[in-house]
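Q: starting from these lines, generate the structure:
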Amino acid sequence: MNEKKHIHLIGICGTAMASLAGMLKQRGFRVTGSDAAAYPPMSDFLRELGIPVAQPFDPRNLEPRPDLVVVGNAMSRGNVELEHLLDQRIPFCSLPQLLHDEFLRGKEVLVVAGTHGKTTTTSMLAWIFHAVGLQPSFLIGGIAENFGSSFHLGQGKHFILEGDEYDTAFFDKGPKFLHYFPDAVILTSVEFDHADIYKDLDAVETAFKRLVNLIPRRGRIVAFDGVAGEVRESASLERCLGKAFCPVERYGAGARSNWQVLNLRLEPGRTSWTVTHDGRPWADFEFALAGEYNVWNATAAAALAAGCGIAKEEIAAALKTFKSVKRRLEVKAQVNGITIIDDFAHHPTAIAGTLKALRSRYPGARLWAILEPRSNTLRRRVLQSDLARSLALADEVVVAGVFRSEAVPENERLELPALAAEIQSSGRAARLLADANAIVEAVAPEMRSGDVVAILSNGGFGGIYEKLPARLRKLAGDVVSGSVNAVGKG
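A: Coordinates of the predicted model:
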C-alpha cells in the first residue's frame, strides 16, 4: 500500500468511512472523499481533520485520478462515481479489506460484535486499555467523548474495533466483521436487524456463527448471558456460540454467568454495581452513565480487559472516568427546564433501553419519544409490534414519516397508523406528523419545564436537534416579552 499516494473514499461521511479516512491521513496518504450529504458529527470531524468532502457525487470528484478508491457499503451500482471508476478501471476496494491489509496485520485484534451496544462497549474497552498505558489502536462507529475521536493509531499491540454485521460492499455481500480475523470477541447480543440485507433471524445467526468460527482456539469469547424475559435472544446467542472452538465466558445477571452483575443501583446521577467472577466477589464499579444496558456493556469490557491482564482496580478507575459516545443519550440542549436528548436509534430493543435509562436518570419527568423511522429495520413492519411496545415506555410519542419511504416496498413498509393505534392501546398518547418542521411547530408549545425529550434517529432528522431548541427559546422569549408589555401597559 505504500506506493498508493492518493486515496478517495466514496461515501466518506459514514462513521466507519470517516474514521478510516482519518487513519489513512495519519499514515501519510493524501485523502479525499465524497458523499451525498454531510451532517454532524462526522462532517465536523472530517473538517477538523482537514479532509475535503465533495458534495454531491460527481465523476469530476475522481479528478485527478486517485491511486485507490474505497467504496462505502452504502454505495450501489448507478452511483455516478462508482460507474466512472468501473469504466476507467481505477483500482478500488472495500473498507474492511483495506482496514485488514493496512492496519490489522501484526496486531492482536479485539472485536466487539452484536446487535446492540457495539459502539459504547468498544469505546469503553479502548478507554480502559488507553488509561492503563497500553497505547491501543482503535476504530469505533461513533465519536468517543473521552478521545474526541472515533479512531486512534497507537504504538501498542492491540487493535480494538467495532465489528459490524452489515454487508461489506456492493461487490462483497458478506459481513464486514469476517474480514477482521479477531483474536478475541465480545458478543453482546444476536437479534434480527438490518432487514434490508438479512431475510430472517436464521440469516443473521449464520453471519455470527461464521464470526465465532473464525476465532482461534487460543482466543476467547465474552458473551452476554441474557436476562429474564429474553429467551428468544438468548437462544440465538447460544446457537451462535455452538460454533466456538475457543473458551466462552458469559456475563450478565444469570446464575451461570462467569461475570455476574449484582447490587445494581440506577440513580439520577450515578450508576453502581458489583461483579462476581466464577461465584467469588471480584470488583465494585461505578460511572456517570445511565441505563442497565450500559452496565452490561461495561461488564463485558471489564471481563475482556481482565483476560488481557489488566488489574480490576485499573479497570474500575478507567470506567469511573468514562464519559460516553456522541449520539448515545447525548444532552443536546436544556431550554427552560426542558432537556433534549439525542440518541442513535436503530432497533426497538435499543429504543426500549434508551427510554428505560431516561426513566431512571430523570425520575418523575414527563418523557417524550420523538422518532424518525430511518434505519433499514425501523422503516419496515417486520418489528412493528416490538417498536410499539418500546415507544409505549414514553409518556408522549411522536412519529415522523418513514424516511425515504419510496425505497421500501409498500407491502414491507412500516404502517404508521397501525403503529400509532398499537401505542395508543397501551394507554399512551401517539401522534403522526410529517417531518421535523411539523413536529417542532406542534409539540414545542406543549412542552413544559421538567420534560425530557428523546429524539430517536440514526440520521440528521431534518435538523430537529437545532430547530426544537430554537423554537423553545423563541416561545420563552415571546412569553417574557408579553409579560414585559403587560407590565408596561399596567
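Q: list the residues that contact the residue most central in space within the chain.
A: When the chain is reduced to its mean C-alpha position, the closest residue under CA atoms, centre = their mean turns out to be residue 119, at 5.1 Å. With contact taken as CB atoms under 8 Å, 6 or more residues apart in numbering, residue 119 is in contact with 140-142, 162, 325, 328, 344. The way it works is simple: take the backbone N, C-alpha and C, and place the C-beta from them, glycine included.
Q: ok, now how distant is it from residue 237?
A: Between residue 119 and residue 237 the distance, using CB to CB, to the nearest Å, works out to 19 Å.
Q: likewise residue 447?
A: Relative to residue 237, and taking CB to CB, residue 447 is found at 40 Å.
Q: compare these two (neighbour count), which wins?
A: Comparing residue 447 with residue 237 by neighbour count (other CB atoms under 10 Å), the higher total belongs to residue 237, at 26 against 22.
Q: could you check which helix or strand contains that one?
A: Take DSSP states H and E as the rule and residue 237 turns out to sit in helix 231-241.
Q: could you give the bridge partners of the closest residue to residue 263 other than its chain neighbours?
A: The shortest distance from residue 263 to any residue that is not its chain neighbour, by CB to CB, 6 or more residues apart in numbering, is 4.4 Å, and that residue is residue 274. Residue 274 forms beta bridges with residue 262, residue 284, as assigned by DSSP bridges.
Q: who touches the closest residue to residue 181 other than its chain neighbours in this structure?
A: Of all residues beyond its chain neighbours, the one nearest residue 181 is residue 214 (6.1 Å), with distances taken as CB to CB, 6+ apart. Under the criterion of CB under 8 Å, 6+ apart, the contact list for residue 214 reads 178, 181-182.
Q: from the residues you listed, list the buried ones, please.
A: Among the contacts of residue 214, those classed as buried by 16 or more other CB atoms under 10 Å are 178, 182.
Q: not counting its neighbours along the chain, what's nearest residue 153?
A: Leaving aside its sequence neighbours, residue 153 is closest to residue 137 (5.0 Å, by CB to CB, 6+ apart).
Q: those strands in the stretch 351-490 of the chain, which residues are they?
A: Taking DSSP state E, counting those that start in this stretch, the strands of the stretch 351-490 of the chain run over residues 367-371, 396-399, 429-432, 452-456.
Q: what's the closest of the ones you listed to residue 293?
A: Taking CB to CB as the criterion, residue 293 comes closest to strand 452-456 out of the strands of the stretch 351-490 of the chain, the separation being 14.5 Å.
Q: who does the closest one pair up with?
A: The pairing partners recorded for strand 452-456 under DSSP bridges are strand 338-343 (parallel), strand 367-371 (parallel).
Q: pull out the buried residues from the first one.
A: Applying a neighbour-count criterion of 16+ other CB under 10 Å, the buried positions in strand 338-343 are 338-343.
Q: okay, the helix holding residue 237 in CSV with CA atoms only?
A: The C-alpha atoms that make up helix 231-241 are tabulated as CSV, following Å, rounded to 0.1, in the frame of the first residue of the first chain:
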residue,chain,number,x,y,z
VAL,A,231,-35.4,-16.2,26.0
ARG,A,232,-35.6,-15.7,22.2
GLU,A,233,-32.4,-13.6,22.1
SER,A,234,-30.5,-15.9,24.5
ALA,A,235,-31.4,-18.9,22.2
SER,A,236,-30.0,-17.1,19.2
LEU,A,237,-26.8,-16.3,21.0
GLU,A,238,-26.4,-19.8,22.3
ARG,A,239,-26.8,-21.3,18.7
CYS,A,240,-24.0,-19.0,17.5
LEU,A,241,-21.7,-19.9,20.4
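Q: mind listing what's buried in it?
A: Judged by neighbour count (16+ other CB under 10 Å), helix 231-241 contains these buried residues: 233-234, 236-237, 239-241.
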